[in-house]
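A.B. asks: sequence plus the predicted model coming up.
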Amino acid sequence: MSERGLCSRREADEYIEKGWVFVDGVRVTELGTRVLPSQTVTLDKRASSVSRVTVLINKPAGFVSGQAEDGYKPAITLVTPYAQVGEGRFAREHLKSLVAAGRLDIDSTGLLVLTQDGRIAKQLIGDNSPVDKEYLVHVEGQLDEAGLKLLNHGLALDDVELRPAEVSRVGRDQLRFVLREGRKRQIRRMCELVGLKVLALKRIRIGKIQLGDLPPGKWRYLRADEKF
């Protein structure tokens, strides 16, 4: 079901338990039921009516994306009615199963997505995700044209070649990165390889969704008319 894009694995388990999954018209009653490529999987219409929210946060430095660690609070603690911007009525149930679709380091800021929708999570963090992410990066050090060329393509991390990126200068000490992958601390490590030190890193876009003027520490719901 996850591979066919019907829902996430977690949602599939939930739907099977509720009796909402059918294979060739026959209700599935057991988790882990095998399905052949030739078989048709359908969902009860009630599954499509389940409301799952997605939250956009302008994460400040000092917060982790996922679970709390080393005394740092998780970004989900920012999702309160007092920090909300824009449309949508906040409900406590929206915090249930709300997970980060991708991550930002503790020291990094900007656009972070938390979602209850497994399909959105897979779209943003799957190995073959087509969604790119844009960052503004303040750096310290000298970058020549050869180094800039390497940042765009030619570097490897942990003996694995990085995918081509789009890296350009936007100021004397600022670079613009557009990436289509999300290795751990990727931008900081890329910069180190060409002799640069990252002083500040801010994510300003994920796919078609811009951070815009969302203030630091504030959040809003992804609107129904917005797509990544």
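C.D. replies: Great, that's in hand. This structure is a prediction, so every number in the text was calculated from the model and none was measured. Numbering: from 1, shown residues only.

A.B. asks: confidence-wise, which helix or strand of the chain is lowest on average?
C.D. replies: helix 45-48 (a mean of 71; mean pLDDT, DSSP states H and E).

A.B. asks: past it, which element shows up next along the chain?
C.D. replies: strand 54-59 (DSSP states H and E).

A.B. asks: partners of that next one, with directions?
C.D. replies: Strand 54-59 has its sheet partners listed here by DSSP bridges as strand 109-115 (antiparallel), strand 219-221 (antiparallel).

A.B. asks: V35 contacts V23, doesn't it?
C.D. replies: Yes: contact criterion C-beta atoms under 8 Å: V35 and V23 qualify, at 5.6 Å. C-betas here are computed from N, CA, C, even on glycine.

A.B. asks: who touches both of those two?
C.D. replies: Here V35 and V23 share the contacting residues V41, scored by C-beta atoms under 8 Å, 6 or more residues apart in numbering.

A.B. asks: E166 and R27: what is the separation?
C.D. replies: 48 Å (C-beta to C-beta, to the nearest Å).

A.B. asks: out of the strands paired with strand 54-59, deepest packed?
C.D. replies: Of all the strands paired with strand 54-59, strand 109-115 carries the top mean neighbour count, a mean of 24, counting by mean count of other C-beta atoms under 10 Å.

A.B. asks: show residues contacting it.
C.D. replies: 52-61, 65, 75-76, 79, 98-104, 120-121, 124, 135, 200-206, 209-211, 214, 216, 222.

A.B. asks: now do stretch 159-176
C.D. replies: 134-140, 143, 148, 151-153, 155-156, 177-181, 183, 186, 190, 199.
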